[in-house]
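Enquirer: below is the structure, and that's it, no one-letter string:
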């Protein structure tokens, strides 16, 4: 699943990397089909590794992620976020309350800005 205005060549390269590493991807950006596929995938897994957005993210969350993030949040599965939880503003944290609420945050750098507002278990690798 990718944003409508995403750089197509970037998405193609990313998809090729996922395929080469045997990482399953959602087969469509059609929201209804992607949501059904995501629900099915969530029922067959034990944890969510959140690396959807990065430090360049600026709210609001746009389609198709505006539907996908709530599905991840309501799944009941533990979430481990990389760098910053998806949907969080880099400076203000989860100020709009639309971002994921991970159990752990894998942050290779010192917590500052929005990451300093994380209340779960940090995991620092130095």
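Expert: Thanks, I have it. Model, not experiment: these values are computed from the prediction.
Enquirer: so who does the residue nearest to the spatial centre of the chain touch?
Expert: By C-alpha atoms, centre = their mean, the mean C-alpha position of the chain lies nearest to residue 52, the distance being 3.1 Å. Neighbour list for residue 52: 65, 68-69, 86 [criterion: C-beta atoms under 8 Å, 6 or more residues apart in numbering]. No exception for glycine: its C-beta is placed from N, CA and C like everyone else's.
Enquirer: next, count neighbours for residue 48.
Expert: As a burial measure, residue 48 scores 19 neighbours (other C-beta atoms under 10 Å).
Enquirer: that one and residue 92, how far apart?
Expert: To residue 92, residue 48 is 23 Å away according to C-beta to C-beta, to the nearest Å.
Enquirer: what does residue 22 give?
Expert: From residue 22 to residue 92 the distance is 37 Å (C-beta to C-beta).
Enquirer: which one of the two has more residues nearby?
Expert: The neighbour count for residue 22 versus residue 92, taken as other C-beta under 10 Å, is higher for residue 92 (12 against 6).
Enquirer: where does pLDDT dip in the protein?
Expert: Low-confidence segments of the chain (pLDDT under 70): 1-7, 27-31, 108-126.
Enquirer: hmm, 50 instead?
Expert: 4, 126 (pLDDT under 50).
Enquirer: and which of the contacts of residue 52 is nearest residue 106?
Expert: Nearest to residue 106, judged by C-beta to C-beta, of these is residue 86 at 12.9 Å.
Enquirer: residue contacts, the closest one?
Expert: Residues in contact with residue 86, defined by C-beta under 8 Å, 6+ apart, are 50-53, 57, 65, 69, 99-100.
Enquirer: can I get those in CSV with distance to residue 39?
Expert: Shown next, in CSV, are the contacts of residue 86 (distance: C-beta to C-beta, whole Å):
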residue, distance to residue 39
50, 17
51, 20
52, 17
53, 21
57, 24
65, 15
69, 14
99, 20
100, 16
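Enquirer: of these, closest to residue 80?
Expert: Closest to residue 80, out of all of these and judged by C-beta to C-beta, is residue 50, at 6.7 Å.
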